[in-house]
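Trainee: pasted the sequence and its predicted model underneath.
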Amino acid sequence: MLTLKFFIAIFSIFISPQIILRQRYGNLPYSLILFFSLIISFSSIWVLTLFSYYFDLPDIFFTSLASIIFLISIYYLLKLENSNQIHYLFIIIGILILLLPILKYANEAYNQWDALVSWHRWGLELYKNEYHPIDAAYPILIPSLYSIIYKIVGSSDIWIFSKLTIYIFPFFALLLPIILFWESKKRIFIIITILLYPYLIMRIVTFGEADIPVMLMGLFSLYALLTAEIYKTDKKKLFFKYLYVSILLAGLASITKQAGLIFIVFTLIYILFNFKYIKSNKLVLVLYFISLLYFFSYLILYYQNSMYGVTGNIHYLKKLSNKNQDIIYLIEKYFYYPETIPILEPIKKLFSIEYLYGYLLIFSTVIFMFELIFKRDKKYKIFNLLNLIFLVIGFIMWAKIASYHPRNSLFVDDFLIIFIAISINYFIGYLKNIKALKKYLFFILFLLLTIYLATISDKKLYKNQIAYQKTLGSASEAKLIIKILNKNRDNCIKVYMSDYATMYNYYLKDYQNRLIKQSTDKNKDIKEFMENNCSKGSYILFRVSSSTYDSWYWIEKLIKEKKLIQIKDYLYFIKPNVKLPEDFFEYKTSLANIKIKNNYKNKFPHSVDLIKKYDNDYIIKGWAFSKDSKEGNTYLILQNRKNNYIINTDKQYRADVAKRYNLNNNYIGFKAYIYSKNIKIGEYNISILYIDKRGEQYLARTRNKLIIKQGK
């Protein structure tokens, strides 16, 4: 029974006025029927709310009244000629399908703070003929709608009824421009529908707050005013009728939320600009006075129930809004709506657009300026200029008073949508005019290129650059360097960077003045970074491949002598006051003083993997270990009939060999430097001597040979 009463409530409030008006004034365009029916519906809601509040009317009165209106409208509906109405049915079905994306949110409870403790709470209070406003005059048309629905149903326990009522606004927001297009054949209404649709399927539509209703109520007024503009010179009777409904709808917007007052001002400015057309029609001024009565009647109710002024919390809201007044931040915040929704995502991904409507505004402004300069089309000029002006005014109002939340700017988007729609309408007109298109083809192509380049968001560019730059070199070592430099704020402490990739890592962006490029491939570079003048020392970060260079020999020598201390991987600390001796960079073969025992073993895993010649010197690499003892030292033996050299090697990390033989020691590799000036000319056989930690010796001759041709 409650659901049936809800259906009767919706039908009697929003459908019945259409049917009755259609029966009585069938010669009017259907769009006018819709406009007048909306005025009757919402005006009746407001008047009934006031009567109920002051005279404490019972629920049965509203249930009975709704039932009577319902039955009368059904009677008129049966008398209507239905032969020409079938296309309206298809339009309604199409709109309901378009609004399916938000239907899934209908059954959600009021979980937004403002809806729960303000708008819906006031609806529950008005249902009981009470009203307890907060410390500011927030108009209550939406709570009045909730209360009347609950009164007709006879209960305020089922909140889904008031949630479903909100769908009236997006429904008529789509129905009106489609009907206006049907009647006028003006493509501008289709453009408006396309621009508006993303707003109508946002989740915020169903929150139960007044931001979407005031936006759409104001938009209804602008629809009517745009239609009046179309008929201004050709059909003056229709011009006045659409002007009438625009004025009254602006009045209704003013009691939807405070921001709706801007639409009353807009209609007044429009009237003043078109005074030569309406000076003979006194009804316009009378209706404008009536539109003001909506808000004045609310103020009477407010002052009877509040001890605060109408702008009681405006200082608090301004304080919240003034926390960040950076213009770029405000613009990004303003263009937050329409929020991320599936139908826009392909467009955004294709053109890297985050704020589509912002770029459309840039494009539209250029087109409108072009139109003003070349004066190709006289239609909508003043009307569109007013939209642009009120767009700027509305943005400033929002920025100064209500920018603590983007949703407070939704009423400004009415002017944005209409302005963009009219400008795009101009642009399509250029495309249809071949002669004009040829004349301004370069300008149009240049404009499109400019707009496309503008869609490449600076924010996205920076985001991509930062993401890329974070991958350069080693991010972990970059962060470690930052930690070291922050700990040692003395600018004397520098980091010498052989690893140029890490040097340009994003994390080191602000530390470039403390980084020094060094190749470390030559002796003079090594000497330069080692002999620094900083009393607290300095640091060097090598690139991984540095260890394969010939000059790495000197780095290993510095590490052995503890002049370089490893911090992490290839990051080293350089001790302060290091002075390298003059002969430090003289090459010397490291000879070992070892006696080979007679009882050595000749079977053990070993290999020579690399013999590399540079100038007249050599590097020999390989690996060796014994199965009995996995730790030990490896030596190379160069031997011919005349000479015998036992050469020290450096241990090398060989995890690949350790994995192959299932060892728990990865340092089984070796590397030896052979400098020809220390070795006599001749051909030498290469043997590997391995001595484990117990002193056991292993010796094996390899198939490798080394030819020393000349000494240095």
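Mentor: Thanks, I have the structure now.

Trainee: got the end-to-end distance for stretch 105-117?
Mentor: Stretch 105-117 has an end-to-end distance of 19 Å (CA to CA, to the nearest Å).

Trainee: pLDDT on stretch 595-607, on average?
Mentor: Per-residue pLDDT values across stretch 595-607 average out to 89.

Trainee: ditto for stretch 202-220
Mentor: Mean predicted confidence for stretch 202-220 is 93.

Trainee: three-state assignment of residue 611?
Mentor: Here residue 611 is recorded as strand under DSSP: H, G, I helix; E, B strand; the rest coil.

Trainee: I figured it hits residue 622, correct?
Mentor: No - with contact defined as CB atoms under 8 Å, residue 611 does not reach residue 622; the gap is 9.2 Å. (Each C-beta comes from the backbone N, C-alpha and C, glycine too.)

Trainee: so for those two, which sits in the more crowded spot?
Mentor: Taking neighbours as other CB atoms under 10 Å, residue 611 and residue 622 compare with residue 622 leading, 25 against 15.

Trainee: per-domain residue ranges of the protein.
Mentor: 314-448, 475-574, 606-708 (automatic domain parsing).

Trainee: quick one, which of those domains is nearest to residue 587?
Mentor: domain 606-708 (4.1 Å; CB to CB).

Trainee: what sits closest to residue 511 if chain neighbours are left out?
Mentor: residue 485 (5.9 Å; CB to CB, 6 or more residues apart in numbering).

Trainee: determine the set of other helices and strands touching the helix or strand the one you found falls within.
Mentor: Applying DSSP states H and E as the criterion places residue 485 in helix 475-487. Packing partners of helix 475-487 (3 or more CB pairs under 8 Å, 6 or more residues apart in numbering; DSSP states H and E): strand 495-497, helix 500-503, strand 538-541, strand 564-568, strand 571-574.

Trainee: lowest average pLDDT across these?
Mentor: helix 500-503 (a mean of 82).

Trainee: buried ones in that helix, by neighbour count?
Mentor: Residues of helix 500-503 classed as buried: 502-503 (neighbour count, 16 or more other CB atoms under 10 Å).

Trainee: wait, what's in contact with the residue lying closest to residue 425 once chain neighbours are set aside?
Mentor: Spatial nearest neighbour of residue 425, chain neighbours left out: residue 188 (4.5 Å); criterion: CB to CB, 6+ apart. Residues near residue 188 by CB atoms under 8 Å, 6 or more residues apart in numbering: 226, 380, 421-422, 425.

Trainee: among the residues you listed, which ones are in helices?
Mentor: Mapping the contacts of residue 188 onto helices (DSSP state H) picks out 226, 421-422, 425.

Trainee: which of these sits closest to residue 694?
Mentor: Closest to residue 694, out of all of these and judged by CB to CB, is residue 421, at 90.6 Å.

Trainee: enumerate every residue touching the closest one.
Mentor: Here residue 421 is in contact with 188, 191-192, 195 (criterion: CB under 8 Å, 6+ apart).

Trainee: report the buried residues of the longest helix anywhere in the chain.
Mentor: Across the chain, the longest stretch assigned as helix under DSSP H is helix 30-55. The neighbour-count check on helix 30-55 (16+ other CB under 10 Å) flags 30-46, 48-50, 52-53 as buried.

Trainee: which elements pack onto it?
Mentor: Using 3+ CB pairs under 8 Å, 6+ apart, helix 30-55 sits against helix 16-24, helix 120-127, helix 141-153, helix 168-184, helix 211-231, helix 236-254, helix 282-305.

Trainee: for these, which one sits closest to residue 572?
Mentor: The nearest among the helices and strands packed on helix 30-55, by CB to CB, is helix 211-231 at 60.5 Å.

Trainee: can I get the contacts of residue 421 in TSV with pLDDT, secondary structure and distance to residue 143?
Mentor: TSV is the format used below for the contacts of residue 421 (pLDDT from 0 to 100; DSSP: H, G, I helix; E, B strand; the rest coil; distance: CB to CB, whole Å):
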residue	pLDDT	secondary structure	distance to residue 143
188	95	helix	34
191	96	helix	34
192	96	helix	29
195	93	helix	29
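
Trainee: in PyMOL, select just the buried ones from these.
Mentor: Listed next is the PyMOL selection for buried residues among the contacts of residue 421, using 16+ other CB under 10 Å:
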select buried, resi 188+191+192+195
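
Trainee: could you identify the most distant pair in the contacts of residue 421?
Mentor: Counting by CB to CB, the most remote pair of the contacts of residue 421 is 188 and 195, 10.5 Å apart.

Trainee: okay, now the unreliable bits of the stretch 201-350 of the chain?
Mentor: Where the stretch 201-350 of the chain drops to pLDDT under 70, the residues are 320, 323-325, 340-350.

Trainee: just checking, which helix or strand of the chain averages the lowest pLDDT?
Mentor: helix 434-439 (a mean of 61; mean pLDDT, DSSP states H and E).

Trainee: what's the spatially closest residue to residue 70 that is not a sequence neighbour sitting at in phi/psi?
Mentor: Among residues not flanking residue 70 along the chain, residue 12 sits closest, at 4.6 Å (CB to CB, 6+ apart). When read as degrees, to the nearest 10, the backbone of residue 12 gives phi -70, psi -30.

Trainee: lovely, talk soon.
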